[in-house]
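Novice: Build the 3D model from these lines:
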Amino acid sequence: MIPTLRPGEAIWILRTRRVRAGDVVVLRDPRDHDFLLVKRAVRRDPAGWWVEGEISGEHLPDSHVFGVVPDRLIVGRVLGIPRGGR
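Specialist: Purely as a prediction, here's the structure:
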């Protein structure tokens, strides 16, 4: 999710399956449910959500690779990214 989220950064999430197009969401990888992904929910489909990373490519896992994500795999939506400082 670079530039929005850099590797190793912490995120605050709200555990919910209620998301809107444009939200950054945490989801279980449809290919390996033990692995979590952070992607942007792009559009709602009758079967679930189309999600994309901010940098798309064949080697990066998003809906271009695994298709629509069922609602049951959505863990929550990102509320914020703590950036440190005081």
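Novice: Residues in contact with stretch 15-26: which ones?
Specialist: 1, 4-5, 11, 13, 36-44, 49, 51, 71-72, 74-78 (Cβ atoms under 8 Å, 6 or more residues apart in numbering). The C-beta positions use only the backbone N, C-alpha and C, and glycine is treated the same way.
Novice: same thing with stretch 38-58?
Specialist: Residues outside stretch 38-58 that contact it (Cβ under 8 Å, 6+ apart): 1-5, 11, 19-27, 37, 60-65, 68-71, 73-74, 77-78.
Novice: Quick check on these: which are buried?
Specialist: The neighbour-count criterion (16 or more other Cβ atoms under 10 Å) marks 1, 5, 11, 19, 23-27, 37, 61-63, 68-69, 73-74, 77-78 among the contacts of stretch 38-58 as buried.
Novice: Just these: which are in strands?
Specialist: Secondary structure from DSSP state E places Val24, Val25, Val26, Leu27, Leu37, Ile74, Arg77, Val78 of the buried ones among the contacts of stretch 38-58 in strands.
Novice: State the pair within those that is farthest apart.
Specialist: Leu37 and Arg77 (13.2 Å; Cβ to Cβ).
Novice: what's Leu79 in contact with, if anything?
Specialist: Ile11, Trp12, Ile13, Leu14.
Novice: May I have the phi/psi pair for Asp71?
Specialist: Phi and psi for Asp71, reported as degrees, to the nearest 10, are phi -50, psi -40.
Novice: Let me know the pLDDT of it.
Specialist: We have a pLDDT of 96 for Asp71.
Novice: for Lys39, same thing?
Specialist: We have a pLDDT of 93 for Lys39.
Novice: same deal with the one 10 residues further on?
Specialist: The pLDDT attached to Trp49 in the predicted structure is 97.
Novice: quick one: it and Ser63, what's the gap?
Specialist: 8 Å (Cβ to Cβ, to the nearest Å).
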